[in-house]
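> got a sequence here, can you build the structure:
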Amino acid sequence: QGDTFRRVVGRHDEVLQRMDHSRQLQAIAVFRDSQLNDEQVLALVDLLQTETYTRKTTLVREGTVVDASLSIVRKGSVTIESAEEKYTKTLEAGGYFGQEWMLADQNKEVSDDQPPLVKTKFTVVVTPGTELAVLMLDDVRKVLNT
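Here you go, the predicted model:
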């Protein structure tokens, strides 16, 4: 009986987590404005990759080239800094960054053998205990056939 209860509660938690991730994606302009259907949104939710950081880590330095992706802060915090544009911003749980990376190469030719790359305009630093949900543009294209 106890095992059955744990399986049911576990599945319930998974469903609630998927619904939460779905709402978060649909709230981000790049997805909200694209008029995705529920099936497409859930397919994207399934592609989210969790990354956990146990210490302060610089993920990206301003001016470097990275794979185009979107990151959602699940736990902890992230600092976004731009020397060029002279700003610093802290993102807490629910915040996200990389939306502009998802759009930056939208007019470039798509290649099957190389993921979309973009030049960053800011530095990203995560604090210890931060958990990110990351969605790669390459994966988004596979779901949306773009």
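
> got the contact list for the nearest residue to Lys121 once chain neighbours are set aside?
Nearest residue to Lys121 in three dimensions, chain neighbours excluded: Ser82, at 6.1 Å (Cβ to Cβ, 6 or more residues apart in numbering). Quick note: C-beta positions are derived from backbone N, CA and C, even for glycine. Neighbouring residues of Ser82 by Cβ atoms under 8 Å, 6 or more residues apart in numbering: Glu62, Thr88, Lys121, Phe122, Thr123.

> and the residues you listed, which of them are buried?
Burial of the contacts of Ser82 was assessed by neighbour count (16 or more other Cβ atoms under 10 Å); the buried members are Glu62, Phe122, Thr123.

> looking at the residues you listed, spot the one nearest Val73.
Phe122 (14.9 Å; Cβ to Cβ).

> quick one: that closest one and Glu14, what's the gap?
With the distance defined as Cβ to Cβ, to the nearest Å, Phe122 ends up 34 Å from Glu14.

> ok, Lys89 next?
32 Å.

> next one: Asp38
In this structure, Asp38 and Glu14 are separated by 17 Å, where distance is defined by Cβ to Cβ.

> which residues touch the closest residue in space to Val140 that isn't next to it in sequence?
Nearest residue to Val140 in three dimensions, chain neighbours excluded: Leu44, at 6.4 Å (Cβ to Cβ, 6+ apart). Listed by Cβ under 8 Å, 6+ apart, the contact partners of Leu44 are Leu25, Phe31, Leu36, Leu135, Asp139, Val140, Val143.

> and the contacts of Ser82, which two are furthest apart?
Across the contacts of Ser82, the two lying at the largest distance from each other (Cβ to Cβ) are Thr88 and Lys121, at 13.5 Å.

> report the buried residues of stretch 64-81.
When burial is assessed from 16+ other Cβ under 10 Å, stretch 64-81 yields the following buried residues: 66, 68-74, 76-81.

> scratch that, stretch 89-104 is what I was asking about
Of all the residues in stretch 89-104, those buried under the rule 16+ other Cβ under 10 Å are Leu91, Tyr96, Phe97, Gly98, Trp101, Met102, Ala104.
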